[in-house]
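In: Sequence below, structure please.
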Amino acid sequence: MDLEATPSADTRPRVRAAVEGLERVQAELQEIAASLPEEAGEPDSEASLRSVIECVLVDSLQPAIRDLRAVVG
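Out: Numbers count the residues shown, from 1 in each chain. As a prediction, the model looks like this:
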């Protein structure tokens, strides 16, 4: 029995499920960002929050989803 092949069979569906969870988080963050104003204001303003959310989506979440999907198909 090949011990390295067994985890792969179990791991891929788990990673796919995790990616689906990340996509749900992505959609929720996109909705939140869309509800916030675009104009910059005070450092702790809702516009700043929108900017941070958009950066997280573009710089972290979208690449993570893309890379994980590429690996597990």
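In: C-alpha from now on. contacts and neighbour counts both.
Out: OK.
In: so how many other residues sit close to R24?
Out: 12 (other Cα atoms under 10 Å).
In: What does the pLDDT read for it?
Out: Note for R24: predicted pLDDT of 98.
In: what about it, which helix or strand?
Out: For R24, the element it lies in under DSSP states H and E is helix 5-35.
In: immediately after that helix, which helix or strand?
Out: helix 46-56.
In: who are the neighbours of the helix or strand following that following helix, in terms of helices and strands?
Out: Toward the C-terminal end, the helix or strand that comes next after helix 46-56 (DSSP H and E) is helix 62-72. Packing contacts for helix 62-72, counted by 3 or more Cα pairs under 8 Å, 6 or more residues apart in numbering; DSSP states H and E, involve helix 5-35.
In: What are the buried residues along the helix it packs on?
Out: 16, 19, 22, 26, 29, 33 (16 or more other Cα atoms under 10 Å).
In: closest to D10 among the residues you listed?
Out: Using Cα to Cα, R16 comes nearest to D10 of these, at 10.7 Å.
In: how close does the closest one sit to L68?
Out: 8 Å (Cα to Cα, to the nearest Å).
In: Tell me how far stretch 64-72 lies from the chain's centre.
Out: How far stretch 64-72 lies from its chain's middle: 11 Å, per Cα atoms, centre = their mean, to the nearest Å.
In: give the contact list for the residue lying closest to L57 once chain neighbours are set aside.
Out: Excluding its sequence neighbours, the residue lying closest to L57 (Cα to Cα, 6 or more residues apart in numbering) is Q26, at 6.8 Å. Taking Cα atoms under 8 Å, 6 or more residues apart in numbering, we find Q26 in contact with 57, 61-62.
In: Most neighbours out of those residues, which is it?
Out: Result: L57 is most packed of the contacts of Q26 (other Cα under 10 Å), 19 neighbours.
In: confidence score at L3?
Out: As predicted, L3 sits at a pLDDT of 44.
In: and E46, what is it in contact with?
Out: Residues in contact with E46 (Cα under 8 Å, 6+ apart) are 36-37.
In: contacting residues for the residue nearest in space to the middle of the chain?
Out: The residue lying closest to the centre of the chain (Cα atoms, centre = their mean) is L61, at 3.1 Å. L61 sits next to 22, 26 when contact means Cα under 8 Å, 6+ apart.
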